[in-house]
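Enquirer: Sharing a model that was predicted from the sequence below.
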Amino acid sequence: MNTSSHLKGATVLVTGANGFIGSHLVDQLLASGCKVHGLVRESSNLKWIDASKVYLHRVDLSRPDFKVPALEELDYIFHCAGLTKAKSRSGYYQVNATACSNLYEQCQKRGNRIKSIVHLSSLAATGPSRQGTLVDEITTCKPVTFYGQSKLAGEEIALQYSQSIPLTVIRPPLVYGPREENFFTFIKLIQKGWGLQIGRAGKELSLIYVSDLIEAMLTAADPTKQKGRSYFVTDGRVYVWEQIAKECSRIMNIDLKTLKIPEAVLVPVALFFEAWSSFSSRPALFDRQRMIDIRQSSWSASPENFFKEFDFTPQYELNRGLAETINWCQQEKWLGYV
């Protein structure tokens, strides 16, 4: 995979540098000879980051007194930091929206050298699609969860600032690949011989492999391209969960049985985990917000605008992406063997 030439040797800031997407982005930037500053939270796990190669800054982006480190030196910013789980609506907004204001206000005032900013949003900011249809950039945004609503609020803040700073918003769907722990749970279940079906069969979704998303983000940072817009980026296909499960089982050579769970079961399960979470500072493993996500018939988007405007073609089809993900899980002994 070839990183766009405009980034070679640049000074770059990555927020959420320790996360699934952020850490893959950092790896690619370092391979391109970039000087990388990474923002992480005080409590962040740095297992995917080589701290000897990255200028790490432990900060809280949502604090009003937060200061962007090395801002006057930065050529590019990739804003990947965000919360996918929180204990409350305000928890989502604090990180996914308020932090955007803090970051971009400083970029507007002191980031005179910045050539481009890429703001990572989500398909959740737009909301689900109808079965058999795709949302696109002109679809009216109707997010159905606190997460989606907070990501839309962050987008709106970013686009307001894009009038004075060069900024592009990227909306990926479900992203999979090495280091992604939620998708690993799905793979682990298949390894045990079970394909999970919650509610009716045939629920649709778009996907993108993490390496393709990273390349799309690097491409979107091109200073010569139009700014101030949002784009969906997927692998260009629509899948159903049964198809993904079948391909995983084929790769692992496992006979698959379908475990059907009625959607009605989700409510008491969510309430149980929420009650359990009330005794902890951590968000629930599963809650009613996640239940809303799962109940949708389709999470599918069209990436055609991005493909055309940035001359972008994803390199990973489903079978290749899943094979590399499963192989990595095996090598890291996440699946219990090598």
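Expert: Cool, got the structure.
Enquirer: buried ones in stretch 251-266?
Expert: 251-252, 256, 266 (16 or more other CB atoms under 10 Å). Yep, even glycine has a C-beta here, placed from its N, CA and C like the rest.
Enquirer: Likewise for stretch 298-306?
Expert: 298-303, 305-306.
Enquirer: Of those residues, which is the nearest to residue 68?
Expert: Nearest to residue 68 among these: residue 306, at 27.3 Å, using CB to CB.
Enquirer: any idea how far that closest one is from residue 254?
Expert: Distance of residue 306 to residue 254, given as CB to CB, to the nearest Å: 35 Å.
Enquirer: Likewise for residue 152?
Expert: For residue 152, the distance to residue 254 - CB to CB - is 39 Å.
Enquirer: got it, and residue 138?
Expert: 42 Å.
Enquirer: if we can go back for a sec, what is the nearest of the buried residues of stretch 298-306 to residue 221?
Expert: The nearest one, if we look at those relative to residue 221 and count by CB to CB, is residue 306, at 13.1 Å.
Enquirer: Now that closest one: closest residue in space, sequence neighbours ignored.
Expert: Sequence neighbours aside, residue 231 is the residue nearest to residue 306 in space, at 4.1 Å (criterion: CB to CB, 6 or more residues apart in numbering).
Enquirer: so who does residue 307 touch?
Expert: For residue 307, the contacting residues are 236, 313, by CB atoms under 8 Å, 6 or more residues apart in numbering.
Enquirer: which SSE is it in?
Expert: Element membership of residue 307, judged by DSSP states H and E, is helix 304-310.
Enquirer: In this structure, where is pLDDT below threshold?
Expert: Scanning the chain for pLDDT under 70 picks out 1-3, 337-338.
Enquirer: Strands of the stretch 1-150 of the chain, residue ranges please.
Expert: Along the stretch 1-150 of the chain, counting by DSSP state E, counting those that start in this stretch, strands occupy 11-15, 35-40, 55-58, 76-79, 116-120.
Enquirer: hey, which of these is tucked in deepest?
Expert: Mean neighbours per residue, mean count of other CB atoms under 10 Å, is largest over the strands of the stretch 1-150 of the chain for strand 76-79, with a mean of 26.
Enquirer: So which elements touch that one?
Expert: Judged by 3 or more CB pairs under 8 Å, 6 or more residues apart in numbering; DSSP states H and E, the packing partners of strand 76-79 are strand 11-15, helix 99-110, strand 116-120.
Enquirer: Take these and lay them out in CSV including distance to residue 222.
Expert: Compiled in CSV, those are given as follows (distance: least, CB to CB, whole Å):
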stretch, distance to residue 222
strand 11-15, 14
helix 99-110, 18
strand 116-120, 7
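Enquirer: I'd like to know which of those is closest to residue 202.
Expert: strand 116-120 (29.3 Å).
Enquirer: Show me where the stretch 151-300 of the chain has its helices.
Expert: Secondary structure of the stretch 151-300 of the chain by DSSP state H, counting those that start in this stretch: the helices cover 181-191, 210-220, 241-252, 266-277, 288-295.
Enquirer: now do the stretch 1-150 of the chain
Expert: Assigned by DSSP H, counting those that start in this stretch, the helices in the stretch 1-150 of the chain fall at 20-31, 89-93, 99-110, 146-161.
Enquirer: and the longest one, how far out from the chain's middle?
Expert: Okay, so that is helix 146-161. With CA atoms, centre = their mean, to the nearest Å as the basis, helix 146-161 stands 14 Å off its chain's centre.
Enquirer: Tell me who's in contact with residue 70.
Expert: Per CB under 8 Å, 6+ apart, neighbours of residue 70: 11, 13, 37, 55.
Enquirer: Of the residues you listed, which is the nearest to residue 85?
Expert: Of the contacts of residue 70, the one sitting nearest to residue 85 (CB to CB) turns out to be residue 13, at 24.5 Å.
Enquirer: Identify the bridge partners of that closest one.
Expert: residue 37, residue 77 (DSSP bridges).
Enquirer: check contacts around it.
Expert: Listed by CB under 8 Å, 6+ apart, the contact set of residue 13 reads 36-39, 68-70, 74, 76-78.
Enquirer: which one of the residues you listed is nearest residue 117?
Expert: Looking across the contacts of residue 13 and measuring by CB to CB, the closest to residue 117 is residue 77, at 4.5 Å.
Enquirer: Now flag whichever of the buried residues of stretch 298-306 is closest to residue 194.
Expert: Using CB to CB, the buried residues of stretch 298-306 come closest to residue 194 at residue 299, 22.1 Å.
Enquirer: isn't the closest one right up against residue 232?
Expert: No - counting by CB atoms under 8 Å, residue 299 stays clear of residue 232, with 11.3 Å between them.
Enquirer: shared neighbours, the two?
Expert: Contacts common to residue 299 and residue 232, judged by CB under 8 Å, 6+ apart, are 123, 173.
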